[in-house]
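# Pasting the sequence and the predicted coordinates here, then a few questions.
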Amino acid sequence: MMNLFVILSFQLEEQHLDKKTFIVKQEDKYILNRIITQGEQVFRHAETYSSETMHGFISEGSNLLIQRLMVKKGIPEDCKFISFDSEAKLCHATYKSLDNHAQMIEDTEVTVTGIERTIQSYSDLPTTWQTCFLRDG
């Protein structure tokens, strides 16, 4: 059995917002449980995905490791994985290489490699991050 836990908690306009997502693999399916607590209100949502649907899934925690490997080994053309959007719905995450550029770290100029990651949500606008790494990842 595989368990994956994602916990996000932050304060929003003096009202506490806590989002927790739990994924458990049982036999040939994944069960996603999401609990959102906003102030005193608690919202629960459960969804089941087949193993086939989850093929190629990259969690947020794995995303950073994948990007570090891409910096070291190269970013494949048309690189695409399955991920969750902000509402925990499956969607595509695409990766593309950015041009190397110089960046100052304290008093030292270093060359960094950039990666652009875009979450292609089906129900919302795409969300894009640009992250820079040293050449060794």
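Nice, I can see it.

# and residue 48, how many residues sit next to it?
By other CB atoms under 10 Å, the residues close to residue 48 number 10. Bear in mind the C-beta positions are built from the backbone N, C-alpha and C, glycine included.

# what does residue 22 give?
Neighbour count of residue 22, defined by other CB under 10 Å: 15.

# Tell me the spacing between it and residue 87.
As judged by CB to CB, to the nearest Å, residue 22 and residue 87 stand 16 Å apart.

# which ones are touching the nearest residue to residue 127 once chain neighbours are set aside?
Taking CB to CB, 6 or more residues apart in numbering as the measure, residue 127 lies nearest to residue 119, with 4.6 Å between them; neighbours along the chain are not counted. Contacts for residue 119 (CB atoms under 8 Å, 6 or more residues apart in numbering) come out as 83, 85-86, 91-93, 126-128.

# Quickly find the element holding residue 119.
Per DSSP states H and E, residue 119 falls inside strand 108-120.

# The longest strand seen in the chain - which strands sit beside it in the sheet, and in what orientation?
Ranked by number of residues, the top strand in the chain under DSSP state E is strand 90-105. Strand pairing for strand 90-105, determined by DSSP bridges: strand 79-84 (antiparallel), strand 108-120 (antiparallel).

# Can you check which of those gets nearest to residue 50?
Of all the strands paired with strand 90-105, it is strand 79-84 that lies closest to residue 50, at 12.1 Å by CB to CB.

# Quick check: buried residues in that closest one?
Buried residues in strand 79-84, counted by 16 or more other CB atoms under 10 Å: 79, 81, 83-84.

# And for stretch 107-115?
Using 16+ other CB under 10 Å as the test for burial, stretch 107-115 gives 112-115.

# for these, which one is nearest residue 35?
Among the buried residues of stretch 107-115, residue 115 lies closest to residue 35 (CB to CB), at 31.3 Å.
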